[in-house]
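Peer 1: predicted model and sequence follow; I will ask about them next.
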Amino acid sequence: MTLITTQPRPAVRRLAFSRLISLVGTHAAFIALIFAVYEQTNSTTWVSFAMVATFAGAGISLPFGGALGDHFDRRRVLILSDVLGAVTFGVLAFVHQPALMIALIFVGEIVASPTFPAIEAAVPNLAGEELLAWANGTIGFGRNMGSMVGPVLGGALVALSGPGLVFWVNAASFGLSAILVWTVRGRFSEDRTEESEHVGLRAGFVYVAHDRILRAVTLAWMVLLLGVGTVIVAELPLAQSFGLGATGYGLLATSWGVGAVIGTLLATRMKQRQERPGLFLGTVGPAVGFGLVSILPWFGAILASVGFAGGTDAVSSVAFQNIAQRRTPDAVRSRVMGAIDALVTGGLALSFVAAGPFVAAVGPRGAYLAAGISSLIGGVILFPALWGRHRERDAAADDVVQVAQTEAPEIAGPGIAAAVDAAAAEADVAPA
């Protein structure tokens, strides 16, 4: 029996709070890991291994995690993922060998991999069409707050009592997150029926490849993140060039986080007609923000520019989630989200491979300029998909999907594809 979401706002708020709590612990633990590995090895190579293990674990396992969200109860998947995360970091608190710590972080990324796809797939069922932007913005707010507070908390706790305490705190945050998800009462998926249209692990990748907008967004973000990886490496050298060291480094990370929090709050009020401009803003905003960093002479102005880039990126993320959730059937939605995140994470991981030598060659300001250029290239890739010759068909398709979700749920699933094709024919526009 499927539980219907009768009170969507409390359900979404609890889910958002679970993400905030979990990500505060996760980002704090990442700081503790980097500190512990560097303290014991005094080697940036080992630190690179830890970062690669983190992103590689996520990138490799996300497609599998997405499949779990489509084939099992998403609420139970989220709870089990949090419980396994608590166990992993509880064990990590007793480990001191760098290689074993990195291996456990890799395992931690694997057990966490179902979380993002399952949440993104569940949001339309929990919130409904009318509250979709509010729900994605609210969950994004929790995610960005956790990403902003976590590193600060991690640094403070490491200074107070060492990495072990931080790993225990993260284990507790996973446990609390599991309890919060358990208390959410609502519909996490549609009624499961036998379906033959979206079968297997590769179904998410196949769907992305055949959907023009999802395909373009994925490629655009992969290109954009090739530049963002160099920015992450260039942050500390940039701060040092102003004589600010660790303080400036922390301010750069915080300014991005503050911008992202503000951006997600603004995005909770986004209208459907604003979603495509909002999505495109995620390429233009970072291009402007990173480009200005490469020439601004004042560190305060640089912080404002980085915050602007973070805010536009957050608005873009919510816009994308709204669009992707409408365009993707529930039966394959978790696998689609997992596939996109795996590809984008892979682009970021790839950027880290060359980021160190690249920053050393062009300097931190050159790295920011390169990131601005990569963002512009991402915009060039994205623009035709959003406003090209297929816009009439997309408008017709959006109307059909909205009717299917609000007035005629009996055509949901495979029937939507036929209805969209009919709408395209009526609009006299060839399907993509």
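Peer 2: Structure received.
Peer 1: local confidence estimate at residue 394?
Peer 2: Note on residue 394: pLDDT of 55.
Peer 1: and residue 195, by the same measure?
Peer 2: pLDDT, read off for residue 195, is 55.
Peer 1: in contact with residue 249, which residues?
Peer 2: 235-236, 239 (CB atoms under 8 Å, 6 or more residues apart in numbering). For the C-beta atoms, the positions are set from N, CA and C on the backbone; glycine is no exception.
Peer 1: of those, closest to residue 305?
Peer 2: Among the contacts of residue 249, residue 235 lies closest to residue 305 (CB to CB), at 13.0 Å.
Peer 1: got the contact list for the closest one?
Peer 2: So residue 235 contacts 249, 252-253, 364 (CB under 8 Å, 6+ apart).
Peer 1: same check, this time on residue 374
Peer 2: Residue 374 makes contact with 223-228, according to CB under 8 Å, 6+ apart.
Peer 1: rewinding a little: take the contacts of residue 249 and keep only those in helices.
Peer 2: Among the contacts of residue 249, the ones falling in helices (DSSP state H) are 235-236, 239.
Peer 1: now the contacts of residue 249 in a markdown table, with pLDDT and distance to residue 24?
Peer 2: Below are these laid out as a markdown table (pLDDT from 0 to 100; distance: CB to CB, whole Å):
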| residue | pLDDT | distance to residue 24 |
| --- | --- | --- |
| 235 | 81 | 21 |
| 236 | 77 | 23 |
| 239 | 83 | 23 |
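Peer 1: just give me the closest of the contacts of residue 374 to residue 112.
Peer 2: Using CB to CB, the contacts of residue 374 come closest to residue 112 at residue 225, 19.4 Å.
Peer 1: pLDDT wise, what is the closest one at?
Peer 2: Here the pLDDT value assigned to residue 225 is 86.
Peer 1: hmm, back to that, out of the contacts of residue 374, grab the one that's most surrounded.
Peer 2: residue 224 (29 neighbours; other CB atoms under 10 Å).
Peer 1: that residue reaches residue 283, doesn't it?
Peer 2: Yes: if you go by CB atoms under 8 Å, residue 224 and residue 283 touch, sitting 6.3 Å apart.
Peer 1: overlap in contacts, those two.
Peer 2: Joint contacts of residue 224 and residue 283 (CB under 8 Å, 6+ apart) are 375, 378.
Peer 1: before we move on, the earlier item: out of the ones in helices among the contacts of residue 249, which comes closest to residue 99?
Peer 2: residue 236 (24.9 Å).
Peer 1: what about the closest one, how many residues nearby?
Peer 2: 18.
Peer 1: avg pLDDT for the longest helix along the chain?
Peer 2: Ranked by number of residues, the top helix in the chain under DSSP H is helix 330-387. Averaged across helix 330-387, pLDDT comes to 86.
Peer 1: repeat for stretch 304-313
Peer 2: Rounded mean pLDDT across stretch 304-313 is 93.
Peer 1: ok, and what's touching it?
Peer 2: Contacts of stretch 304-313 (CB under 8 Å, 6+ apart): 252, 255-260, 262-263, 266, 281-282, 284-286, 288-290, 292-293, 296.
Peer 1: of those residues, grab the buried ones for PyMOL.
Peer 2: This is the PyMOL syntax for the buried subset of those, where burial follows 16 or more other CB atoms under 10 Å:
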select buried, resi 252+255+256+257+258+259+260+262+263+281+282+284+285+286+288+289+290+292+293+296
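Peer 1: filter the contacts of stretch 304-313 down to the ones in helices?
Peer 2: Those of these lying in helices (DSSP H): 252, 255-260, 262-263, 266, 281-282, 284-286, 288-290, 292-293.
Peer 1: just the ones in helices among the contacts of residue 249 now: which is nearest residue 375?
Peer 2: Within the ones in helices among the contacts of residue 249, the smallest distance to residue 375 is 16.4 Å, found for residue 235 (CB to CB).
Peer 1: residues in contact with stretch 337-350?
Peer 2: 52, 55-56, 58-60, 62-67, 69, 113, 116-117, 120-121, 204-205, 207-208, 214, 217-218, 221-223, 225-226, 228-229, 324, 328.
Peer 1: and it, how far from the chain's centre?
Peer 2: Distance of stretch 337-350 from its chain centroid, counting by CA atoms, centre = their mean, to the nearest Å, is 10 Å.
Peer 1: could we number from 483 for the rest of this?
Peer 2: New numbering, starting at 483: the last item is stretch 819-832.
Peer 1: only the buried subset of the contacts of stretch 819-832, as a PyMOL command please.
Peer 2: A single PyMOL command selects the buried members of the contacts of stretch 819-832 (16+ other CB under 10 Å):
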select buried, resi 537+538+540+541+542+544+545+546+547+548+549+551+595+598+599+602+603+686+687+689+690+696+699+700+703+704+705+707+708+710+711+806+810
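Peer 1: just the contacts of stretch 819-832: which are in helices?
Peer 2: 534, 537-538, 540-542, 544-549, 551, 598-599, 602-603, 686-687, 689-690, 696, 699-700, 703-705, 707-708, 710-711, 806.
Peer 1: and the strand or helix carrying residue 588, what does it pack against?
Peer 2: Assigned by DSSP states H and E, residue 588 belongs to helix 580-594. The elements that helix 580-594 packs onto, with contact taken as 3 or more CB pairs under 8 Å, 6 or more residues apart in numbering; DSSP states H and E, are helix 490-523, helix 526-553, helix 556-574.
Peer 1: tell me what the longest one is packed against?
Peer 2: Going back to what we said before, that points to helix 490-523. helix 526-553, helix 556-574, helix 580-594, helix 597-609, helix 614-643, helix 645-665.
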